[in-house]
Every structure is written in C-alpha cells, then in structure tokens.
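> below is the structure, and that's it, no one-letter string:
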C-alpha cells in the first residue's frame, strides 16, 4: 500500500517505472489518469474532501514536489526520487516518438499550445500529435464536452497531456475517465515551461525545494496564496503527521 501524506496517496515510483507503466496502459487501450502531486495539490485536497477522493482514485500519483519526496523518504522509502511533471512529460514524449504512439494536448492558451507543439515537433520529428485543443476559459457546455470526447476517441490518441492547472485538470481527468479511452496526465505548468512561455527555476533551486520561491518571484500576484498561505500550513501539518507516526 502506498503511503499517505496528509490523507493523499503518493506512490513510490521513478521516472523509469512511471514511464513504463503509462506505456503499458496505452498498449492495452486503457482509460486512466495520472496526477503529479506537489504541496499545492496536497493542500487543495486537504481542504476539499471531494477533490481528495479524486486524487486518491487516480491510477498513479507521482511525487512531483521535493517536500513530498522528503516525506516519502521519512515514511519508509529512503531511495525515493522526484518524478516531476515537466520531466516526466519529456521522457514520455521521447518514448512515444520512438514508438510512434499518437498523443494529444488539452489545455493552455492557443498561442502557448502552438509554441509547445512546434517545439516538440522540432526536437522529435517522429512525434505523432493526433489531437490538440485549447478550451475556453469557462466550463464547457454539454455539447462542447461531448465533442471533445468524440474528437479524442476518433483520433486514436493514446496519451493525452492535460495542462489546465491544479485542481481543474485533476477534476477534468476524473470526470472523463471511462469516457475518453486514453491515459490522461495532468502536467500543469509543463505546457508553459516546454513552450518557453514561462521560465523554469534553476536546477539547484528545484533540487533544494526552492522552486516555489522562483515561481513566486515571477508571478507574486497570482501565486501568493498558494505559497505564503498553503506552504506554512503544509509544514505544520506535516510535522504533526511525523510526530504522530513517531508516537504510535
């Protein structure tokens, strides 16, 4: 059984294991979804029981954030590595390009999506992009949603990268499992990073758990609540979880 961090299941895995698992699902034609969990997702789930159920019902939950990696190490998985959404995206893109497995992209703006696709096609000429769609910044109507479902299934897409941001992308994937016959990955900021719409934190900041500080410095108005309110709460609750485990 996978450990839980503040009630959220986080699976001990690696880039290699996660990639192989996702590829095996594509060969079976399964409808699945994968969450890449960080502090933001854990706290969103902590505050919203229905969202927590959606994350825990995912077919795979990877430790995307370094604080979750450190927690997994404390919870009995000392060799745990980070399985970061943008990097997992690259590894999957490289693998599917070699195997000519068709993929799709759902989310972000029209401009960012076009830049993302152009970047991937330039680096991976054999990449088969069967579907892409930038949805409007509002809930889809029932007819629009049905059109998306039909389009994805009709194109033969096997992996759908979903870039709507947390928690919207996880809710969307949970609602579409069983309707869309693909493996869905909620990869959040990967669209922005790989299209170069936004800058990624330096590697040393990523590895030391300071990526949040870099992102906050880039978008303080949008991200202040996520980092200045939720991060301290996570640390407090995490300490209580560890203390409770030690006492028991």
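Everything's here; your move. Remember, predicted model here, so these are calculated numbers, not experimental data.

> please make it C-alpha for all contacts and neighbour counts, starting now.
Will do.

> scan this protein for its longest helix.
The longest helix of the chain (DSSP state H) is helix 231-247.

> what comes up buried for that one?
Along helix 231-247, the positions that meet the burial threshold by neighbour count (16 or more other CA atoms under 10 Å) are 231, 234, 238, 241.

> residue boundaries of the strands in this structure?
Assignment of strands within the chain using DSSP state E yields the ranges 4-5, 8-9, 32-37, 60-63, 103-107, 129-133, 159-163, 183-186.

> about what we covered before: so which other helices or strands are in contact with the longest helix of the chain?
helix 39-47 (3 or more CA pairs under 8 Å, 6 or more residues apart in numbering; DSSP states H and E).

> what residues does the helix it packs on touch?
Residues outside helix 39-47 that contact it (CA atoms under 8 Å, 6 or more residues apart in numbering): 5-8, 51-52, 55, 65, 67-68, 166-167, 226, 230-231, 234.

> just give me the least confident of those residues.
Taking those together, the minimum pLDDT is found at residue 226 (81).

> for that one, what are its contacts?
By CA under 8 Å, 6+ apart, the contact set of residue 226 is residue 40.

> now distance to residue 43 too, for the buried residues of helix 231-247, in TSV please.
Below are the buried residues of helix 231-247 laid out as TSV (distance: CA to CA, whole Å):
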residue	distance to residue 43
231	8
234	7
238	11
241	14
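
> just the closest of those residues to residue 205, please.
Nearest to residue 205 among the buried residues of helix 231-247: residue 231, at 16.1 Å, using CA to CA.

> distance check, the nearest residue to the closest one once chain neighbours are set aside against residue 12.
Once flanking residues are discounted, residue 231 sits nearest to residue 39: 6.9 Å by CA to CA, 6 or more residues apart in numbering. Distance from residue 39 to residue 12, counting by CA to CA, to the nearest Å: 16 Å.

> for residue 243, same thing?
Distance from residue 243 to residue 12, counting by CA to CA: 21 Å.

> pLDDT below threshold where in the protein?
Across the chain, residues meeting the criterion (pLDDT under 70) sit at 246-248.

> can you show me the helices along it?
Using DSSP H, the helices assigned to the chain run over residues 15-28, 39-47, 49-56, 66-74, 85-99, 110-123, 142-155, 168-176, 190-194, 203-207, 211-218, 220-224, 231-247.

> deepest in the core, which of those helices is it.
When neighbours are counted by mean count of other CA atoms under 10 Å, the highest per-stretch mean among the helices of the chain falls to helix 190-194, a mean of 22.

> for that helix, the distance to its chain's centre please.
Between the centre of helix 190-194 and the centre of its host chain there is 12 Å, according to CA atoms, centre = their mean, to the nearest Å.

> related to what we said a few turns ago, farthest pair in the contacts of helix 39-47?
51 and 67 (20.3 Å).

> including distance to residue 182, could the helices of the chain go into CSV?
Listed next are those as CSV, based on distance: least, CA to CA, whole Å:
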stretch, distance to residue 182
helix 15-28, 7
helix 39-47, 23
helix 49-56, 17
helix 66-74, 27
helix 85-99, 14
helix 110-123, 19
helix 142-155, 8
helix 168-176, 10
helix 190-194, 19
helix 203-207, 30
helix 211-218, 31
helix 220-224, 31
helix 231-247, 33
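
> residue 184: which of those helices is closest?
With CA to CA as the criterion, residue 184 lies closest to helix 168-176 of the helices of the chain, at 6.6 Å.

> and the contacts of that closest one?
With CA under 8 Å, 6+ apart as the contact definition, helix 168-176 has outside contacts at 33, 35, 51, 54, 55, 58, 162, 163, 184, 186, 188.

> relative orientation of that helix and strand 159-163 in degrees?
In terms of direction (axes from the mean of the first three to the mean of the last three CA atoms, to 10 degrees), helix 168-176 departs from strand 159-163 by 140 degrees.
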